[in-house]
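> After the sequence you'll find the predicted model.
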Amino acid sequence: MRTALFLAIVVLAGTSGEIAVTYAMKHVGDVHGFAPCTVLRALGRAFRLPAMWLGVALIALGFFSMLILLSWENVSFVVPATSLSYAVGALGAQVVLGERVSRVRWMGVLLVILGVVLVWLGEGHGVG
Amino acid sequence: MGAEGGEQQRVRAEATDDQARNASVVAPEPSAREPSIVARGIRRPHTDTYLLILAMVLLGAIGDLLLRAGMLRVGAASLASPAAVIATLVHAFTTPEIWLGIGCLILFFVSYLLALARADYSFVSPAAATSYAVVAVLAWAVLGEVITPVRWIGIAVICAGVLLVSHTPPRTTQHH
């Protein structure tokens, strides 16, 4: 039960945090070039928006819930289970941010989830 | 099927005609924030997005492996007592691999933010899943981990998914 609860927190906090951060970065607008001062100025502008702080706080909450989950459950259960985030994230992006998630993109997202599940189910024993 | 066909066509049109791309995908924005004509001439509008996603994938994978290698040196974390937890943390934060790993993950997050300023969340996030494949291959090449056949299939399926996502326009929302 607590596993299901923390799994839900990892997925929901992580995706809603990333959606809030996306909202803030879209508000900042395109950043042209990778010059350190340009990048820092853009980040400075982003961190003046409440959505950015909310997003970072939610991502941190998701991250620490993930660590707690990892202390109870095996990685090869946790990582595939949290890959559901890709579907929840795409749905959230569609509903909250108004992104157009076409059928092709949905198929891509579902394949990514399937692939992550396979990668962790087929985890071999590490050889030092 | 119709929607997909349209998508494919649009992608092809973009690849061949930069101006059409500017008009259709990226909502045209008057002057100020548009890249200079020179910059637009030498690179396509979303080259930066792809570079940032590449940076995310590599930095995320290298950061992950550095943290893993660092924690192997630190050993199993003990939660037996507050003192043991502090000792583990001190050991972790005096291990160079841990700091390098954290540095990579900070740069990963900055790349992620910059990518999200340019492209859809529902484009960047699944595209960055390539890092699972890169981590697995690097763990095989560098740390000598075994990759089982099921894992190879998973890696191939992730790549197929990313390929599909990359065939959709990176940005479907209006500029502010």
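Arrived safely, thanks for sending.
> From now on I want contacts and neighbour counts done on CA atoms only, so please keep to that.
Fine.
> Toward the C-terminus from the helix or strand of chain B with the lowest mean pLDDT, list the very next helix or strand.
Lowest on mean pLDDT, DSSP states H and E among the helices and strands of chain B sits helix B:37-42, with a mean of 40. Proceeding N to C from helix B:37-42, the next assigned helix or strand is helix B:47-74, under DSSP states H and E.
> what's that next one packed up against?
When contacts are defined as 3 or more C-alpha pairs under 8 Å, 6 or more residues apart in numbering or on different chains; DSSP states H and E, helix B:47-74 packs onto helix B:82-93, helix B:96-118, helix B:130-141.
> As CSV, these with mean pLDDT, distance to residue A:38 and mean neighbour count would be great.
Shown next, in CSV, are these (pLDDT from 0 to 100; distance: least, C-alpha to C-alpha, whole Å; neighbours: other C-alpha atoms under 10 Å in any protein chain shown):
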stretch, mean pLDDT, distance to residue A:38, mean neighbour count
helix B:82-93, 82, 31, 14
helix B:96-118, 93, 11, 21
helix B:130-141, 87, 27, 20
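> Now do the contacts for residue 74.
Going with chain A. Contacts for residue A:74 (C-alpha atoms under 8 Å, 6 or more residues apart in numbering or on different chains) come out as none.
> Actually, chain B is the one I wanted.
When contacts are counted by C-alpha under 8 Å, 6+ apart, residue B:74 touches B:88, B:91-92, B:95.
> low pLDDT regions in chain A?
Scanning chain A with the threshold set as pLDDT under 70 gives A:123-128.
> just the helices in it please.
Using DSSP state H, the helices of chain A run over A:2-28, A:36-46, A:50-72, A:75-82, A:85-96, A:103-121.
> looking at those helices, which is buried most?
Most buried of those, by mean neighbour count (mean count of other C-alpha atoms under 10 Å in any protein chain shown): helix A:103-121, with a mean of 24.
> and it, what does it pack onto?
In terms of contacts (3+ C-alpha pairs under 8 Å, 6+ apart), helix A:103-121 is packed against helix A:75-82, helix A:85-96, helix B:2-16, helix B:121-127, helix B:149-166.
> so for the shortest one, what's the average pLDDT?
Meaning helix B:121-127. What helix B:121-127 shows for mean pLDDT is 95.
> Extract the CA atoms of it and return them as PDB.
Provided in PDB are the C-alpha atoms of helix B:121-127 (Å, rounded to 0.1, in the frame of the first residue of the first chain):
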ATOM      1  CA  TYR B 121       7.700  18.700 -22.800                       C
ATOM      2  CA  SER B 122       6.000  15.700 -24.500                       C
ATOM      3  CA  PHE B 123       8.800  15.800 -27.100                       C
ATOM      4  CA  VAL B 124      11.900  16.400 -24.900                       C
ATOM      5  CA  SER B 125      11.000  13.900 -22.100                       C
ATOM      6  CA  PRO B 126      10.500  10.800 -24.200                       C
ATOM      7  CA  ALA B 127      13.400  11.700 -26.500                       C
END
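> What is that helix packed up against?
Helix B:121-127 packs on helix A:2-28, helix A:85-96, helix A:103-121, helix B:149-166, going by 3+ C-alpha pairs under 8 Å, 6+ apart.
> which ones are touching the residue lying closest to residue A:52 once chain neighbours are set aside?
Nearest residue to residue A:52 in three dimensions, chain neighbours excluded: residue A:21, at 5.0 Å (C-alpha to C-alpha, 6 or more residues apart in numbering or on different chains). By C-alpha under 8 Å, 6+ apart, the contact list for residue A:21 reads A:51-52, A:54-56, B:113.
> Residue A:9 now?
Going by C-alpha under 8 Å, 6+ apart, residue A:9 touches A:62, A:65.
> swap the cut-off to 10 Å and go again
By C-alpha atoms under 10 Å, 6 or more residues apart in numbering or on different chains, the contact set of residue A:9 is A:3, A:15, A:58, A:61-66.
> show me which of the residues you listed neighbour chain B.
residue A:15 (C-alpha under 10 Å from any C-alpha of the partner chain).
> quick check, nearest of the contacts of residue A:9 to chain B?
Of all those, residue A:15 has the smallest distance to chain B: 9.8 Å, by C-alpha to the nearest C-alpha.
> Can you tell me the closest non-neighbouring residue to that closest one?
Excluding the flanking residues, the one nearest residue A:15 by C-alpha to C-alpha, 6+ apart is residue A:89, at 5.2 Å.
> just checking, the one you found touches residue A:14?
Yes - contact criterion C-alpha atoms under 10 Å: residue A:89 and residue A:14 qualify, at 8.7 Å.
> From residue A:55, how far out is residue A:16?
7 Å (C-alpha to C-alpha, to the nearest Å).
> list residues touching both of those two?
residue A:22.
> Could you export stretch B:95-107 as PDB, CA atoms only?
C-alpha atoms of stretch B:95-107 as PDB (Å, rounded to 0.1, in the frame of the first residue of the first chain):
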ATOM      1  CA  THR B  95      34.500  10.800  -3.200                       C
ATOM      2  CA  PRO B  96      35.500  12.700  -6.400                       C
ATOM      3  CA  GLU B  97      33.200  10.500  -8.600                       C
ATOM      4  CA  ILE B  98      30.200  11.700  -6.600                       C
ATOM      5  CA  TRP B  99      31.100  15.400  -7.200                       C
ATOM      6  CA  LEU B 100      31.700  14.800 -10.900                       C
ATOM      7  CA  GLY B 101      28.400  12.900 -11.100                       C
ATOM      8  CA  ILE B 102      26.600  15.700  -9.400                       C
ATOM      9  CA  GLY B 103      28.300  18.300 -11.700                       C
ATOM     10  CA  CYS B 104      27.100  16.300 -14.700                       C
ATOM     11  CA  LEU B 105      23.500  16.100 -13.400                       C
ATOM     12  CA  ILE B 106      23.500  19.900 -12.800                       C
ATOM     13  CA  LEU B 107      24.500  20.400 -16.400                       C
END
